[in-house]
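Participant: give me the fold of what follows.
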Amino acid sequence: MRSATVHELKQELLNMPATELTELCLRLAKYKKENKELLTYLLFEAHDEQGFVQSVKKEIDEEFAQINHNNLYFVKKTLRKILRIINKHIRYTGSAQATVELLIYFLQSIKEAGIPIQKNALITNLYKGQLEKINKTLLNLHEDLQYDYSRSIVALEL
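Facilitator: Numbering: from 1, shown residues only. Predicted coordinates:
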């Protein structure tokens with residue numbers, strides 16, 4: 001079975017009655033957790049992006065509290081898990097400002113947790129990759145925001 005293009009889907013959805021559209025959304029939400037989370041974000045949290053970012057930061061703090069510092073392998077695994085959570089929430093918002101803010105918070109949390117970034121090549125690469133992602137996304141923001149965030153980024157450089 002071939003998937004329809006986004007344009008074809010949009011045209012079909014525009015021609016549907018509201019009740020059928022609601023049924024389709026509920027059916028989508030039923031089968032995949034990510035669809036349900038996205039729908040929850042769009043319906044309940046999209047209007048308050050700052051509140052959503054704060055709740056994601058709280059979730060990041062909870063995950064950082066669970067890091068096992070006994071072995072760098074476990075630290076790396078937990079950091080990857082936290083980054084997956086952050087990237088999922090970034091996809092939901094689709095906002096460059098939220099992306100920069102969450103990734104800066106992630107890198108600040110790594111520094112505050114006392115994780116030895118330089119001792120493990122994988123952690124170093126992960127850290128540098130997120131710095132690059134922040135710098136690329138920063139170019140899409142307004143000049144004033146770029147200046148504010150670039151001051152935070154300077155403190156994160158290795």
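Participant: C-alpha only now, for contacts and for neighbours.
Facilitator: Fine.
Participant: how close does residue 67 get to residue 131?
Facilitator: 21 Å (C-alpha to C-alpha, to the nearest Å).
Participant: who has more neighbours out of these two?
Facilitator: Neighbours were counted for residue 67 and for residue 131 using other C-alpha atoms under 10 Å; residue 131 has more, 20 against 17.
Participant: which SS class is that one?
Facilitator: What DSSP: H, G, I helix; E, B strand; the rest coil gives for residue 131 is helix.
Participant: sort out which residues of stretch 66-76 are buried, please.
Facilitator: 67, 72, 75, 76 (16 or more other C-alpha atoms under 10 Å).
Participant: ok, now which ones touch the last one?
Facilitator: When contacts are counted by C-alpha atoms under 8 Å, 6 or more residues apart in numbering, residue 76 is found next to 122, 123.
Participant: equivalent analysis for residue 152, please.
Facilitator: Counted by C-alpha under 8 Å, 6+ apart, residue 152 has contacts residue 104.
Participant: tell me the one of the buried residues of stretch 66-76 nearest residue 43?
Facilitator: Comparing the buried residues of stretch 66-76 against residue 43 with C-alpha to C-alpha places residue 67 closest, at 32.5 Å.
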